[in-house]
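**Q** The sequence isn't on hand, but the structure is:
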């Protein structure tokens, strides 16, 4: 079996987990609290350890058939002896038999060991409250969804992210116009002046994130930003206890192009914001050159909420550090049709009134 790491309370032997409110490890049985730093010794074994190899159960009756274990890893819970089957990217989970939190050490060792982690600051109760708030005031949300919806699953997950540093050197050429209008008794005059505008310079980017998990939609993870990197700490496995965690399965080079595209767009927007005082502005040419270095590997806290309604799966997410909540909601088509009809009628009435006033002059 592959190796697991379980945190036990030295006072009562119970499981201990990271408490996001106290920002400490806490035993739910005797309420003893421990600073995460005091458990750093648990982490030392990871520095020299190699990633896990897949091994099947030794009991012939429980052996996997050919192909059944592809993409899976099998672990044995140290508390109850139960078999834990996880996919090849799972780095922390719970035993399905005794519920104990476990960390897959081989998924976090060697080159797979993260550089940084942002610990959870908000708990499951906060995620539920944020979901309820997300539904509030949505007039086009189906009433049945609001009244009868029950979240099927809530998970606190440490999602793998790559953090990129880069310097952008840019030269951008704009075409701008300024228009002046005046009139006399006979004519209205418009004068248009044309300008060539040049901007050049450099911008430095630090820790631009891109998620390293193929399970997580990139757009969903980006919508949870920003994460406060000033609260990131050196990685320790203790922060993972009690939560789920995945290691990356999309490497830094695969996501580098996405990060570069974001930096390029940010550079162009920053330079565009300096071009003011013109009636119109268009980009004639843009050259943005990015010089990037090695990416850092980090784990960010995310609450994932899943629910099914009318045969469709809805995924919501909350930033486990800041509380920012995102997720698409279903649309009540009848309510939308009534709202649109009312809007159209209001616009029509306003147009009719305006026309009547003009004709009355």
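**A** On my side now, so go ahead. This one's a predicted model, so the numbers in the text were calculated from it and none came from an experiment.

**Q** Tell me which helix or strand the nearest residue to residue 225 once chain neighbours are set aside sits in.
**A** Nearest-residue entry for residue 225: residue 209, 6.7 Å, with adjacent residues in sequence omitted and distances by CB to CB, 6 or more residues apart in numbering. Bear in mind the C-beta positions are built from the backbone N, C-alpha and C, glycine included. Using DSSP states H and E, residue 209 falls within strand 188-211.

**Q** tell me which residues of that strand are tucked away?
**A** 199, 203, 205, 207-211 (16 or more other CB atoms under 10 Å).

**Q** mind checking how far the residue nearest the centre of the chain is from residue 159?
**A** Taking CA atoms, centre = their mean, the centroid of the chain lies closest to residue 221, which sits 2.5 Å from it. Here the criterion is CB to CB, to the nearest Å. By it, residue 221 lies 7 Å from residue 159.

**Q** re earlier: the residue nearest to residue 225 touches residue 165, doesn't it?
**A** No. Using CB atoms under 8 Å, residue 209 is not in contact with residue 165, being 11.5 Å away.

**Q** Can you get me the start-to-end distance on stretch 286-298?
**A** 32 Å (CA to CA, to the nearest Å).

**Q** can you list contacts of it?
**A** 113-118, 160-173, 207, 209, 212, 232, 235, 248, 252, 256, 259-260, 263-264, 267-268 (CB atoms under 8 Å, 6 or more residues apart in numbering).

**Q** make it 7 Å
**A** Stretch 286-298 is contacted by residues 114-117, 160-172, 232, 248, 252, 256, 260, 263-264, 267-268 when judged by CB atoms under 7 Å, 6 or more residues apart in numbering.

**Q** Give me the buried positions along that stretch.
**A** For stretch 286-298, using 16+ other CB under 10 Å, the buried residues are 286, 288, 290, 292, 295-298.

**Q** For the stretch 51-200 of the chain, just list every one of the strands.
**A** Under the criterion DSSP state E, counting those that start in this stretch, the stretch 51-200 of the chain contains strands at 72-76, 83-87, 90-94, 101-104, 116-117, 153-183, 188-211.

**Q** Pipe those into CSV and attach mean pLDDT and distance to residue 308 per row.
**A** Shown next, in CSV, are the strands of the stretch 51-200 of the chain (pLDDT from 0 to 100; distance: least, CB to CB, whole Å):
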stretch, mean pLDDT, distance to residue 308
strand 72-76, 83, 25
strand 83-87, 86, 21
strand 90-94, 90, 22
strand 101-104, 88, 27
strand 116-117, 96, 32
strand 153-183, 94, 10
strand 188-211, 94, 24
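
**Q** Look up the closest residue to residue 114, ignoring the ones flanking it.
**A** With CB to CB, 6+ apart, the residue lying closest to residue 114 is residue 235, at 4.3 Å.

**Q** shared neighbours of residue 221 and residue 159, anything?
**A** In contact with both residue 221 and residue 159: residue 211, using CB under 7 Å, 6+ apart.

**Q** Right, I'll call it a day here.
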